[in-house]
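In: Just to be clear, the model below is a prediction. Sequence and coordinates:
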Amino acid sequence: MRKKTLPSKKLVIGDTSALVSLQASDMLKNVFSIVELFVPRDVENELKIHARLDNNAATVLSLIRNGNITVCDVQDRRRVNELVTFFPMVDIGEAAAVVLSEERKIEVIITDDFQAFPYLKQVTTATVHLSVYLIAGLVVRRRISIDEARTAFDNIARKRNWLNAEIYQHAKRYLDALVD
Amino acid sequence: MVTEVKIEFDTEFIEQLDKLAQSEFKTRESVIKSALAAYIERYTKMVDIKRLATGKFLNGDLDFDDFARIVGYDNAILARDIDQAMKESIVDAKKDFAF
């Protein structure tokens, strides 16, 4: 009889917004069981700034220090600077995530920066997803229940402005597609 | 509990404020307090209306043009596009993380 092999872990690059959202939803540690998470050094630097005021950012930094998330240096700094210059909605961490995905051939980038999202999709051949992709992935891999995913959405919504919060509330119904 | 806040205003602004306070037989402090309270109340009401409109739009009960008039065009575009992106991320997760 052939042995059933465990599915391999997908490689994913996260930006600051996605990692902080996942930590706010209390799902970041669970995510390590289904994906290998990478961040460019620029995202680590952004997290250090946010950590002064935000406990979630501080926790993400401690997970980086513990080796749960891999920090990579981006080689092509010129391209990072070009992206930031031509696309003002894209910050340096997001631009570095795009370049890192090209240099390391990592096919998925996650961001929760709703303003930058459409521009990131324009400038990369990688697939750009919102962090709900990983929360839904946890449901698919049966690491969490749909109710826990809904609670995670609520937790993220509480941290966002009125418009984004309403979008998360509405998106909870899309989770039902996972049980078809 | 009371927290003291120190704010600096232009002299010209203070002169206008004092004129208004005198005409209403109020103190400078009381005019500032009631102005801020009115601002917060109006802001909160507007957010409640915008939230309600966003929910109705995402549920298909309000068309895009009316929604944009209430929340502003940029917010309306963002709500429409990010809602779609949420759906795609969840649908793709089902495919990408299937056993």
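Out: Now that the structure is in, tell me what you want to look at. Numbering: from 1, shown residues only, chains lettered A, B, ... in the order given.
In: Surely A:Ile109 forms part of a helix?
Out: No: when DSSP: H, G, I helix; E, B strand; the rest coil is applied, A:Ile109 is found to be strand, with no helix at that position.
In: Test my guess that it contacts A:Ser131.
Out: No: in terms of C-beta atoms under 8 Å, A:Ile109 does not count as a neighbour of A:Ser131; the distance is 11.0 Å. From N, CA and C alone the C-beta is placed, and that goes for glycine too.
In: Find residues that contact each of these two.
Out: A shared contact of A:Ile109 and A:Ser131, defined by C-beta atoms under 8 Å, 6 or more residues apart in numbering or on different chains, is any residue touching both; here these are A:Gly14.
In: These two - which one has more neighbours?
Out: The residue with more neighbours, out of A:Ile109 and A:Ser131 and counting by other C-beta atoms under 10 Å in any protein chain shown, is A:Ser131; that gives 27 against 23.
In: ok, the more buried one to chain B distance?
Out: 8 Å (C-beta to the nearest C-beta, to the nearest Å).
In: ok, now A:His170?
Out: Applying C-beta to the nearest C-beta to A:His170 and chain B gives a distance of 4 Å.
In: nearest spatial neighbour of that residue, skipping sequence neighbours?
Out: On the basis of C-beta to C-beta, 6 or more residues apart in numbering or on different chains, the spatially nearest residue to A:His170 that is not a chain neighbour turns out to be B:Leu58, at 4.2 Å.
In: Return the residues in contact with that neighbour.
Out: Residues in contact with B:Leu58 (C-beta under 8 Å, 6+ apart) are A:Glu166, A:Ile167, A:His170, B:Ala79, B:Asp83.
In: now do 7 Å
Out: A:His170, B:Ala79, B:Asp83 (C-beta atoms under 7 Å, 6 or more residues apart in numbering or on different chains).
In: Helix, strand, or coil at B:Gly60?
Out: Local secondary structure at B:Gly60 is given as coil here, using three-state DSSP.
In: That one: neighbour count?
Out: Neighbours of B:Gly60 (other C-beta under 10 Å): 7.
In: check contacts around it.
Out: Contacts for B:Gly60 (C-beta under 7 Å, 6+ apart) come out as none.
In: ok, it to A:Glu166 distance?
Out: Plainly put, B:Gly60 is 14 Å away from A:Glu166 if you go by C-beta to C-beta, to the nearest Å.
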